[in-house]
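S.K.: Sequence below, structure please.
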Amino acid sequence: MRSLKTSGGLTRGRGMTEQQRLTWLLSKPACADVNCAMQELTGVSYNTGEQNKDITKARQARDWKDTHKILKYLRDMNPFTSDTSLKSISTGVHAHSTVNVDKAKDVGNAILISMEGKTAAEYNFKRKDQVITLDTKNAVKVDGIEVQIDTQLLFQRLTIIAAKATENLEDVFRYELCSYPPALFDSSLLLREPQKPVLANAIWNLLAPDISEISGEVQYVLDGGALIHRIPWTRGATYQEICSVYTRYVSKKYGEAVVVFDGYSGKSTKDTTHERRTKGHAGVTVAFTSNMQLTMSKAKFLANKTNKQQFIKMLGDQLEMKNCKVHHAPGNADLLIVQKSVESAIMSTTILVGDDTDLLILLCYHSSLHSHRVFSDQSQRRAQRNRACGTSRLSRTS
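M.R.: Here you go, the predicted structure:
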């Protein structure tokens with residue numbers, strides 16, 4: 001203490017002396033008596049309250065509410081399971097097998113060991129020694145080891161090498177240098193898309209625009225793939241709520257319908273089509289439950305086959321609870337959809353609801369003239385085409 005006031009006046013020094021400390025201690029009871037007397041005289045009292053806000057009742061109630069919220073969160077996304085794969089607790093996204101960010105300490109120790117005995121000028125930090133996170137997307141194999149790269153930086157470096165290797169850089173870019181025939185493939189292992197809608201439009205144009213209304217008992221057969229893409233998803237809604245939107249839509253519009261879904265657990269003739277629809281985005285695997293909230297866009301979620309297959313199973317169970325008949329194909333469901341439509345036509349008039357041109361072609365081949373009528377409803381596709389053409393003609397089931 002640099003200075004202190006005692007009964008003897010102001011004393012400067014490095015600390016209290018024994019006499020000053022004794023005087024100060026003996027004066028405390030007297031000061032307390034003076035303080036009490038002044039409060040009684042003036043009618044003013046001094047009270048001390050709870051200094052820590054966390055022990056107030058309002059804060060305790062809030063903490064208790066937050067505790068229950070955390071417990072509910074951990075029940076839905078329990079990290080203490082037998083699953084040893086690395087995944088995000090908040091989103092359920094599974095990490096790729098190359099992700100090693102959970103071993104950052106070991107990776108750092110390995111780097112430190114490699115630095116021993118070297119000066120700062122001798123040591124080079126290598127990109128392949130870095131930890132790989134969930135956000136990592138691009139990698140190339142160098143001597144059997146996957147190295148994360150920046151594609152734009154790699155192209156720039158290769159361009160510099162080409163400029164030094166040849167006098168005329170234009171000669172390098174004169175040749176296509178493709179490893180696949182561009183006439184058949186849009187990119188490696190991705191076939192060009194056939195123009196099937198042209199055939200479908202030609203068939204629709206041959207049909208009479210006015211047909212008689214369908215009467216009597218009608219059975220609907222739905223293409224599950226088209227059904228999934230028809231309804232938008234709301235980010236933040238639970239997967240249970242998303243399924244409920246589908247079940248209400250089907251029950252209200254089609255009643256106890258027959259729904260046939262594609263399978264995504266194995267190889268399929270539609271793998272090329274699915275790859276094209278994802279536009280090169282593989283999508284991340286999400287370990288979700290019915291009570292979890294959607295944390296990404298619908299397109300990104302469905303770009304992953306595992307996510308799509310699990311959601312289809314969940315949606316199929318909900319539709320069966322609404323007395324719908326659900327069928328899951330092992331792969332491409334087009335043939336199974338048409339077969340179920342033809343079987344249904346034996347008992348009653350049937351309407352196949354699907355936008356795929358393949359369904360229309362298969363239906364023309366498999367339909368029987370000795371059963372009830374079978375109609376192909378591609379109103380969604382035709383409505384999109386009419387909007388694009390600026391027309392207002394309504395689509396009719398035909």
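S.K.: can you give me how far stretch 16-28 is from the chain middle?
M.R.: Centre-to-centre, stretch 16-28 and its host chain are 71 Å apart (C-alpha atoms, centre = their mean, to the nearest Å).
S.K.: Send me that stretch as PDB with only the CA atoms.
M.R.: The C-alpha coordinates for stretch 16-28 follow below in PDB (Å, rounded to 0.1, in the frame of the first residue of the first chain):
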ATOM      1  CA  MET A  16       1.500  -1.000   7.400                       C
ATOM      2  CA  THR A  17       3.500  -1.000  10.600                       C
ATOM      3  CA  GLU A  18       2.400  -3.100  13.500                       C
ATOM      4  CA  GLN A  19       1.100  -0.100  15.300                       C
ATOM      5  CA  GLN A  20      -1.000   1.100  12.300                       C
ATOM      6  CA  ARG A  21      -2.500  -2.400  11.800                       C
ATOM      7  CA  LEU A  22      -3.500  -2.500  15.400                       C
ATOM      8  CA  THR A  23      -5.100   0.900  15.300                       C
ATOM      9  CA  TRP A  24      -7.000   0.000  12.200                       C
ATOM     10  CA  LEU A  25      -8.400  -3.200  13.600                       C
ATOM     11  CA  LEU A  26      -9.400  -1.600  16.900                       C
ATOM     12  CA  SER A  27     -11.200   1.200  15.100                       C
ATOM     13  CA  LYS A  28     -13.500  -1.200  13.100                       C
END
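S.K.: What's the local residue count around the nearest residue to Ser348 once chain neighbours are set aside?
M.R.: Leaving aside its chain neighbours, Ser348 sits nearest to Glu217 (4.6 Å; criterion: C-beta to C-beta, 6 or more residues apart in numbering). From N, CA and C alone the C-beta is placed, and that goes for glycine too. By other C-beta atoms under 10 Å, the residues close to Glu217 number 9.
S.K.: right, and Glu217 touches Thr350 too?
M.R.: No. Glu217 lies out of contact with Thr350 (C-beta atoms under 8 Å); the separation is 10.0 Å.
S.K.: Strands along the stretch 101-250 of the chain, start to end?
M.R.: 139-142, 145-148, 185-187, 190-191, 218-223 (DSSP state E, counting those that start in this stretch).
S.K.: Could you report the distance from the most centrally placed residue in the chain to Val99?
M.R.: Residue closest to the average C-alpha location in the chain (C-alpha atoms, centre = their mean): Met296, at 3.8 Å. With distances taken as C-beta to C-beta, to the nearest Å, Met296 is found 18 Å from Val99.
S.K.: how about low-confidence regions in the stretch 51-200 of the chain?
M.R.: For the stretch 51-200 of the chain, the stretches flagged by pLDDT under 70 are 51-53, 76, 90-93, 134-142, 144-155, 172-182, 186-190.
S.K.: Which residue ranges of it form helices?
M.R.: For the stretch 51-200 of the chain, the helices defined by DSSP state H, counting those that start in this stretch cover 57-76, 104-115, 151-165, 169-172, 196-206.
S.K.: got the CA positions of the second one in PDB?
M.R.: In this case it means helix 104-115. The C-alpha coordinates for helix 104-115 follow below in PDB (Å, rounded to 0.1, in the frame of the first residue of the first chain):
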ATOM      1  CA  ALA A 104      -5.100 -33.300 -35.000                       C
ATOM      2  CA  LYS A 105      -2.800 -33.800 -32.000                       C
ATOM      3  CA  ASP A 106      -1.200 -36.900 -33.600                       C
ATOM      4  CA  VAL A 107      -0.800 -35.100 -36.900                       C
ATOM      5  CA  GLY A 108       0.800 -32.100 -35.100                       C
ATOM      6  CA  ASN A 109       3.200 -34.400 -33.200                       C
ATOM      7  CA  ALA A 110       4.200 -36.100 -36.400                       C
ATOM      8  CA  ILE A 111       5.000 -32.700 -37.900                       C
ATOM      9  CA  LEU A 112       7.000 -31.700 -34.900                       C
ATOM     10  CA  ILE A 113       9.000 -34.900 -35.100                       C
ATOM     11  CA  SER A 114       9.800 -34.300 -38.800                       C
ATOM     12  CA  MET A 115      11.100 -30.900 -37.900                       C
END
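S.K.: same for it, what does it pack against?
M.R.: Packed against helix 104-115, as judged by 3 or more C-beta pairs under 8 Å, 6 or more residues apart in numbering; DSSP states H and E, are no other helices or strands.
S.K.: Can you list the buried residues in that helix?
M.R.: Residues of helix 104-115 classed as buried: none (neighbour count, 16 or more other C-beta atoms under 10 Å).
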